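Asks: have a look; sequence and predicted model below, questions after that.
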Amino acid sequence: MPEQNDVSIVIPPEILTEVETAVATIKEKLSPYLVALTPSERHELPKMRDKTIPFVEKTLNYAESSPEFAPPYMKVDEMKVDVTAVENLKSVLNPIQQIDSNLDDTVMVCGSEAYVAALSYYNSVKLASKMDIPNAKPIYDDLKQRFAKTKKNGTE
């Protein structure tokens, strides 16, 4: 049965170099403006998602046009800075997320195809080894380590 090969790509080295340079530039340019959170910090933060964005924007408009209702501890100017930052960063984040998703899918398909081919070869060399075909046993002995099982108590 022939193997399915949905993706067969060869990216020219100069294209990879250009992309890596572009990614490095993006990272360098954005790094001063980005933060990193721990998983705990991410979990604890209230999230502004797609449904929340219009509410926040509308609230900002009201806070600017009717500041008498803003609590004294609220900094409307800082809220505006945050809302603008979200808008600006989302314009970069959305296409990067799409690229990330497509990269992940492509790596998964290429990896799957390579793994299926490797398994086909492995099964062929395994059969050849069982049939005592010359040179098959050392290859099989090396490759079969991938499927070696270890006991739970740490001994084999």
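Replies: That came through fine. Not measured: the values here are computed from a predicted model.

Asks: alpha carbons only for contacts and neighbour counts from here, please
Replies: OK.

Asks: which residues of this protein score low on pLDDT?
Replies: Residues of the chain meeting the criterion pLDDT under 70: 1-3, 151-156.

Asks: moving C-terminal from the helix ranked longest in it, which element do we reach first?
Replies: The helix that spans the most residues within the chain, counting by DSSP state H, is helix 76-130. Going down the chain from helix 76-130, the next helix or strand is helix 136-143, by DSSP states H and E.

Asks: contacts for that following helix next, please.
Replies: Tyr122, Val125, Lys126, Ala128, Ser129 (Cα atoms under 8 Å, 6 or more residues apart in numbering).

Asks: any quick PyMOL command for the buried ones out of those?
Replies: Buried residues among the contacts of helix 136-143 (16 or more other Cα atoms under 10 Å), as a PyMOL selection:
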select buried, resi 122+125+126+128+129
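
Asks: may I see the contacts of helix 136-143 organised as a markdown table, with distance to Pro46 added?
Replies: What follows is the contacts of helix 136-143, written out as a markdown table (distance: Cα to Cα, whole Å):
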| residue | distance to Pro46 |
| --- | --- |
| Tyr122 | 50 |
| Val125 | 56 |
| Lys126 | 55 |
| Ala128 | 60 |
| Ser129 | 60 |
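
Asks: which of the contacts of helix 136-143 lies closest to Pro54?
Replies: Tyr122 (55.9 Å; Cα to Cα).

Asks: which residue packs closest to Cys110, ignoring adjacent ones?
Replies: Val7 (6.3 Å; Cα to Cα, 6 or more residues apart in numbering).

Asks: which ones are touching the one you found?
Replies: Thr106, Val109, Cys110.

Asks: helix, strand or coil for it?
Replies: What DSSP: H, G, I helix; E, B strand; the rest coil gives for Val7 is coil.
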